[in-house]
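**Q** Based on what follows, work out the 3D shape:
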Amino acid sequence: MKYEFVHTCIRVKNLESSLNFYKEALGLQETKRKDFPENGFTLVYLSDDLRSHELELTYNYDREEPYTIGDGYSHIALVVEDLEGSHKKHSDEGYKVTKLMGLPGTPPRFYFITDPDGYSIEIIRKS
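**A** All right, here's what the predicted structure looks like:
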């Protein structure tokens, strides 16, 4: 039996704010959208140019309180060729980012950026 990744789902409070973040900060593109107004929610799928995996944003129309991410969620990860350039771009654009980091005893290889709902996204140097 063979399994393949299809998508990762996160719930977002403000769909437009989240779409802007994932499109502008990370260059993801909307691949499809499913509106269910009679049920009060919309699903928007985003992906990179390879389109091998999608990020599903679930937007519940009447949500007023931010979602509780909890201590079980860790992060989403993307790779980039120019790690330092990406870090500078995200910092200059005012996104919440960590310093460049590496695993113990290794040079800097990644950093984290936070989306509008508080989800952490790891940006890793492409090897």
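**Q** and the gap between the residue nearest to residue 118 when sequence neighbours are not counted and residue 121?
**A** Closest residue to residue 118 apart from its sequence neighbours, by C-beta to C-beta, 6 or more residues apart in numbering: residue 69 at 5.6 Å. Every C-beta, even on glycine, is put in place using the N, C-alpha and C of the backbone. Using C-beta to C-beta, to the nearest Å, residue 69 is found at 13 Å from residue 121.
**Q** show me where this structure has strands.
**A** For the chain, the strands defined by DSSP state E cover 7-12, 29-36, 41-47, 54-60, 76-80, 110-114, 120-125.
**Q** Mind listing the strands the longest one pairs with, and their directions?
**A** Strand pairing for strand 29-36, determined by DSSP bridges: strand 41-47 (antiparallel).
**Q** contacting residues around the strand it pairs with?
**A** Strand 41-47 is contacted by residues 7, 15, 19, 22-23, 28-36, 53-61 when judged by C-beta atoms under 8 Å, 6 or more residues apart in numbering.
**Q** could you give the mean pLDDT of it?
**A** When pLDDT is averaged over strand 41-47, the result is 97.
**Q** any chance of the strands of the chain in CSV, with mean neighbour count and distance to residue 103 too?
**A** Compiled in CSV, those are given as follows (neighbours: other C-beta atoms under 10 Å; distance: least, C-beta to C-beta, whole Å):
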stretch, mean neighbour count, distance to residue 103
strand 7-12, 15, 23
strand 29-36, 12, 31
strand 41-47, 18, 28
strand 54-60, 18, 25
strand 76-80, 15, 14
strand 110-114, 19, 9
strand 120-125, 18, 11
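**Q** do you know which of those strands lies nearest residue 92?
**A** Nearest to residue 92, of all the strands of the chain, is strand 110-114, at 12.4 Å by C-beta to C-beta.
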